[in-house]
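Asks: Quick one: sequence plus predicted model below, questions after.
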Amino acid sequence: GNSVTQMEGPVTLSEEAFLTINCTYTATGYPSLFWYVQYPGEGLQLLLKATKADDKGSNKGFEATYRKETTSFHLEKGSVQVSDSAVYFCARVNFGNEKLTFGTGTRLTIIP
Amino acid sequence: GAGVSQSPRYKVAKRGQDVALRCDPISGHVSLFWYQQALGQGPEFLTYFQNEAQLDKSGLPSDRFFAERPEGSVSTLKIQRTQQEDSAVYLCASSFYGAPGNEQFFGPGTRLTVL
C-alpha cells in the first residue's frame, strides 16, 4: 500500500548537535513528500516538501532530499536549537489524490 | 479567518452519546479534510471534500461517522453512539485547490474523550 515508515523516537539531543530523522516510503505511485511539525500546544504545520525525485525541500535550517533510489526522505539539520523541540511527522500524498498518509511521528527534545 | 478553526477544542462524552465537531476552513479554500489522531500516533485520513462534494470517505471507521459540508465552507463531523475507541484528536485541514503538492493547513484539533 501507500505507507510511510518513520524513525521511532523519542530522540534527545544536545543543543547544536546534528539531527537526522529517517523516513522511508513505499514506491507506489508518484508521491509528493512532506515533513510536518507539531510544536507543543500548537497545531500541525508544514515544515518542508518535495514533489519529485531529487527535489530538496528546506526551511528553518531543516533539509530533506527526495531519494527515489532509496525511497527515502530523511530530515536533517546541522545544528539544532532548544526551540526545535517538537514532534515531527513524515507524510506523503499520491499523484491524483490529496489525502495525506502520515508516519507515526518522532518526538524530538533538545536539551541546552 | 486567519487560519483553520475548530470547535469545541475539548469534548467529553459518555459512551453512547452523539457528538458534532465543527471545522471552519480558511476562506476560499476548496478542499477540506478530516483526520483522526490517536495518542502517540500520526493522523489518519477520514474523509475529504472538494467544495460541498464528499469525494472520498474511505477512512471513516464505521457508519457511526458522518461528515458534511453543505455549502462548501464549514464542515461538521458527527459521531453517533460514541464508543471508547473513538477517543482521539480530530483534525481538520484545508487547502486552496485540489493538487497533491498543495499545502494543507491544519486546525488545532478537537480532543474527544469518551468515558
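Replies: Yep, that arrived.
Asks: need the helices for chain A, in chain order.
Replies: Remark: helices of chain A are absent; assignment by DSSP state H.
Asks: Pairing partners for the one residue in it that gets nearest to chain B in the sheet, please.
Replies: Closest to chain B within chain A is A:F102: 3.3 Å, counting by C-beta to the nearest C-beta. (Glycine included, C-beta is placed from N, CA and C.) Counting by DSSP bridges, A:F102 is bridged to A:A91.
Asks: Check B:Y10 too.
Replies: Here B:Y10, judged by DSSP bridges, has bridge partners B:R111.
Asks: Neighbours of it, how many?
Replies: Using other C-beta atoms under 10 Å in any protein chain shown, B:Y10 has 11 other residues around it.
Asks: was I right about it contacting B:T110?
Replies: Yes: counting by C-beta atoms under 8 Å, B:Y10 touches B:T110, with 7.2 Å between them.
Asks: Close to chain B: what parts of chain A are there?
Replies: Applying C-beta under 8 Å from any C-beta of the partner chain, we find that chain A lies next to chain B at A:6, A:31-32, A:36, A:42-46, A:49, A:51, A:89, A:91, A:93-105.
Asks: Would you mind checking those for buried ones?
Replies: If you count burial by 16 or more other C-beta atoms under 10 Å in any protein chain shown, the buried members of the residues of chain A next to chain B come out as A:6, A:31-32, A:36, A:43-44, A:46, A:49, A:51, A:89, A:91, A:93-94, A:97-105.
Asks: Next step: the residues you listed restricted to strands.
Replies: A:6, A:32, A:36, A:46, A:49, A:89, A:91, A:93, A:101-102 (DSSP state E).
Asks: Identify the bridge partners of residue 50.
Replies: Went with chain A since none was named. Taking DSSP bridges as the rule, A:A50 bridges to A:L33.
Asks: Oops, wrong one, chain B.
Replies: Applying DSSP bridges, one finds that B:Q50 bridges with B:S31, B:A53.
Asks: Around it, how many other residues sit close by?
Replies: By other C-beta under 10 Å, neighbour count at B:Q50 equals 17.
Asks: Touching, it and B:S31? I think so.
Replies: Yes: if you go by C-beta under 8 Å, B:Q50 and B:S31 touch, sitting 5.5 Å apart.
Asks: next helix or strand past the helix or strand hosting B:Y90?
Replies: Secondary structure assignment for B:Y90, by DSSP states H and E: strand B:88-95. Next along the chain after strand B:88-95, taking DSSP H and E as the criterion, comes strand B:105-106.
Asks: That next one - contacts with which helices or strands?
Replies: strand B:88-95 (3 or more C-beta pairs under 8 Å, 6 or more residues apart in numbering or on different chains; DSSP states H and E).
Asks: Give the residue spans of chain A that score low on pLDDT.
Replies: Scanning chain A for pLDDT under 70 picks out A:1.
Asks: Would you enumerate the residues in contact with B:A67?
Replies: B:34, B:46-47, B:49, B:54, B:57, B:60, B:75-78 (C-beta atoms under 8 Å, 6 or more residues apart in numbering or on different chains).
Asks: And it, how close does it get to chain A?
Replies: Noted for B:A67: a distance of 13 Å to chain A, by C-beta to the nearest C-beta, to the nearest Å.
Asks: how about that residue, phi and psi?
Replies: Per-residue torsions, B:A67: phi -130, psi 150 (degrees, to the nearest 10).
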